[in-house]
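**Student:** Give me a model of this one.
(2 chains)
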2 protein chains.
Amino acid sequence: MEFKDIVLQRYAAKKFHGKKVPDALINEILEMVRFAPSALNLQPWKIKVVTNEKVLERLRPAANDQEQVSTCSHLLVFCAETDYPALIRRLDALMKKHGVPDAHRMEVVGMAEKFSTLMTPEQRFAWSQAQTYLALGNALNGAKALGLDSCPMGGFNPAEFTRILAIPKHLVPVILCAVGYGADKPGPKIRFSREDILF
Amino acid sequence: MEFKDIVLQRYAAKKFHGKKVPDALINEILEMVRFAPSALNLQPWKIKVVTNEKVLERLRPAANDQEQVSTCSHLLVFCAETDYPALIRRLDALMKKHGVPDAHRMEVVGMAEKFSTLMTPEQRFAWSQAQTYLALGNALNGAKALGLDSCPMGGFNPAEFTRILAIPKHLVPVILCAVGYGADKPGPKIRFSREDILF
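**Tutor:** From the prediction side, this is the model:
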């Protein structure tokens, strides 16, 4: 499937058939998420995959009672990492493990320490959130590439999700990605014209 | 080209051959950007495409002197829209033009007004920035799908870019996407394991 067709055929499914997606396909989506780009390769995201129907039912009221939450097969809860010292240590260890030359590794770690220290906590969170949306984009396009449907959802209560899913404090749920087999039809794709988005 | 291969072959080019990319291909990338998803379909982004070599040379010092800025063919400057009242009016007009039923149109506009009013200016900016990263993701994957290379760059001075490119105040440059033909080779893709990104 051409990427352009993926982009044009992807839509935000408002309802899913209950049918479960094989875990192997979800794992493929997670691979595409894993290889998403991020500044300094920090990958400031973690994902909670929820499939338990009872848990999905409990989450639904915390997501404006949206039907996608309880009818999807897998709900990917994308969380932004806010603990930068720990994240930088993890990246350092990852680079060491992969044999990245010391000079380059130390340069990356130094830059990451410098730029994260210069930011306020709000800016760090916003930055992690933005990177996490790159990972989300790969999940949405990746699902369509595999013949699946998805729905990104920002309308939910992060505190409630944190409570119900016992999400550690340093991770903040920023966006949901429901995955399954769409039970609705995509509407027309209404977008600003090319002229409208250029300046 | 399979989406998975696009994801695995895309890399952040650190240097480009000077060769110009045909505008037709850049327009294809812009189409994929245009059809990116965004919450409430607000599409809170605008893009400045810079090709003039003299301008690129002037921008380079404002982007940590990174070689990609002056060796790329097209530099896409992704800006986040911060003027929500104007953006919501534009979306309203767009929906009217496309014949979206009044009830649905007014519901979307009402939600957009409500949620944008609840946010602080910082939160609105962060939200626009995150959505803009979804558009960026389509540009990066789209470039690779078309046989091109790209480099996302967050390390630049937005105020300097705003000054040099005379960017209107309501648009904030958040991320650059250099596009061209890579003159370097991709290194190994080092990422946290699947277990590391799940919890």
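**Student:** Assign a three-state SS to the residue most central in space within chain A, would you?
**Tutor:** Centroid-nearest residue in chain A: A:Leu136, 3.5 Å away (criterion: C-alpha atoms, centre = their mean). Secondary structure, DSSP: H, G, I helix; E, B strand; the rest coil: A:Leu136 is helix.
**Student:** for A:Val179, same thing?
**Tutor:** Following three-state DSSP, A:Val179 is assigned to strand.
**Student:** picking up where we left off before, I'd like the distance between the residue nearest to the centre of chain A and chain B.
**Tutor:** Here the criterion is C-beta to the nearest C-beta, to the nearest Å. By it, A:Leu136 lies 7 Å from chain B. Where C-beta positions appear, they are placed from N, C-alpha and C, glycine not excepted.
**Student:** where's the residue sitting furthest away from the middle of chain A, which helix or strand?
**Tutor:** Relative to the mean C-alpha coordinate of chain A, counting by C-alpha atoms, centre = their mean, the farthest residue is A:Ala103 (31.4 Å). For A:Ala103, the element it lies in under DSSP states H and E is helix A:102-118.
**Student:** Can you list the buried residues in that helix?
**Tutor:** Neighbour-count burial for helix A:102-118, with 16 or more other C-beta atoms under 10 Å in any protein chain shown as criterion, is recorded at A:Arg105, A:Val108, A:Val109, A:Ala112, A:Phe115, A:Ser116.
**Student:** For it, list the C-alpha coordinates in PDB.
**Tutor:** Taking C-alpha atoms only, helix A:102-118 is exported to PDB below (Å, rounded to 0.1, in the frame of the first residue of the first chain):
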ATOM      1  CA  ASP A 102      32.300   7.300  23.700                       C
ATOM      2  CA  ALA A 103      32.800  10.800  22.200                       C
ATOM      3  CA  HIS A 104      29.500  10.700  20.300                       C
ATOM      4  CA  ARG A 105      27.600   9.200  23.200                       C
ATOM      5  CA  MET A 106      28.900  11.800  25.600                       C
ATOM      6  CA  GLU A 107      28.100  14.600  23.200                       C
ATOM      7  CA  VAL A 108      24.500  13.400  22.900                       C
ATOM      8  CA  VAL A 109      24.200  12.900  26.700                       C
ATOM      9  CA  GLY A 110      25.700  16.400  27.300                       C
ATOM     10  CA  MET A 111      23.300  18.000  24.800                       C
ATOM     11  CA  ALA A 112      20.300  16.200  26.300                       C
ATOM     12  CA  GLU A 113      21.300  17.300  29.900                       C
ATOM     13  CA  LYS A 114      21.900  20.900  28.800                       C
ATOM     14  CA  PHE A 115      18.700  21.300  26.900                       C
ATOM     15  CA  SER A 116      16.500  19.500  29.400                       C
ATOM     16  CA  THR A 117      18.000  21.600  32.300                       C
ATOM     17  CA  LEU A 118      17.200  24.800  30.400                       C
END
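**Student:** Could I get the average pLDDT for that helix?
**Tutor:** In this model, helix A:102-118 carries a mean pLDDT of 96.
**Student:** partners of A:Cys79 in the sheet?
**Tutor:** A:Lys46, A:Pro173 (DSSP bridges).
**Student:** which ones are touching the residue nearest to A:Leu198 when sequence neighbours are not counted?
**Tutor:** Setting aside the residues directly before and after it, A:Leu198 is nearest to B:Ile47 in space (C-beta to C-beta, 6 or more residues apart in numbering or on different chains), at 5.8 Å. Applying C-beta atoms under 8 Å, 6 or more residues apart in numbering or on different chains, we find B:Ile47 in contact with A:Ile197, A:Leu198, A:Phe199, B:Leu30, B:Val33, B:Leu76, B:Val77, B:Phe78, B:Cys79, B:Ala135.
**Student:** quick one: contacts for the residue nearest to A:Leu40 when sequence neighbours are not counted?
**Tutor:** Spatially, and ignoring its direct neighbours in sequence, A:Leu40 is nearest to A:Ala112 (5.1 Å; C-beta to C-beta, 6+ apart). By C-beta under 8 Å, 6+ apart, A:Ala112 lies in contact with A:Leu40, A:Leu42, A:Tyr84, A:Ile88, A:Leu91.
**Student:** In helices, which of those residues appear?
**Tutor:** A:Tyr84, A:Ile88, A:Leu91 (DSSP state H).
**Student:** Relative to chain B, which of the residues you listed is nearest.
**Tutor:** Distance to chain B across these (C-beta to the nearest C-beta) is lowest for A:Leu91, with 8.2 Å.
**Student:** which residue packs closest to that closest one, ignoring adjacent ones?
**Tutor:** Sequence neighbours aside, A:Leu42 is the residue nearest to A:Leu91 in space, at 5.9 Å (criterion: C-beta to C-beta, 6+ apart).
**Student:** The one you found reaches A:Leu87, doesn't it?
**Tutor:** Yes - proximity of A:Leu42 to A:Leu87 meets the contact threshold set by C-beta atoms under 8 Å, at 6.0 Å.
**Student:** residue contacts, A:Phe161?
**Tutor:** So A:Phe161 contacts A:Leu59, A:Ala62, A:Ala63, A:Val77, A:Ile167, A:Pro173 (C-beta under 8 Å, 6+ apart).
**Student:** May I see the buried residues of the one helix or strand A:Arg163 maps to?
**Tutor:** Per DSSP H and E: A:Arg163 is located in helix A:158-165. Neighbour-count burial for helix A:158-165, counted by 16+ other C-beta under 10 Å, picks out A:Pro158, A:Phe161, A:Thr162, A:Leu165.
**Student:** ok, back up a step: now intersect the contacts of A:Phe161 with the strands, please.
**Tutor:** Counted as lying in strands by DSSP state E, out of the contacts of A:Phe161, are A:Val77, A:Pro173.
**Student:** show me what contacts A:Pro188?
**Tutor:** Counting by C-beta under 8 Å, 6+ apart, A:Pro188 touches B:His98.
**Student:** helix, strand or coil for it?
**Tutor:** Per three-state DSSP, the secondary structure class of A:Pro188 is coil.
**Student:** Tell me the secondary structure at A:Arg191.
**Tutor:** Assigned with three-state DSSP, A:Arg191 falls in the coil class.
**Student:** Tell me the pLDDT of the residue lying closest to it once chain neighbours are set aside.
**Tutor:** Leaving aside its sequence neighbours, A:Arg191 sits nearest to B:Arg34 (C-beta to C-beta, 6+ apart; 5.1 Å). Looking at B:Arg34, its pLDDT is 98.
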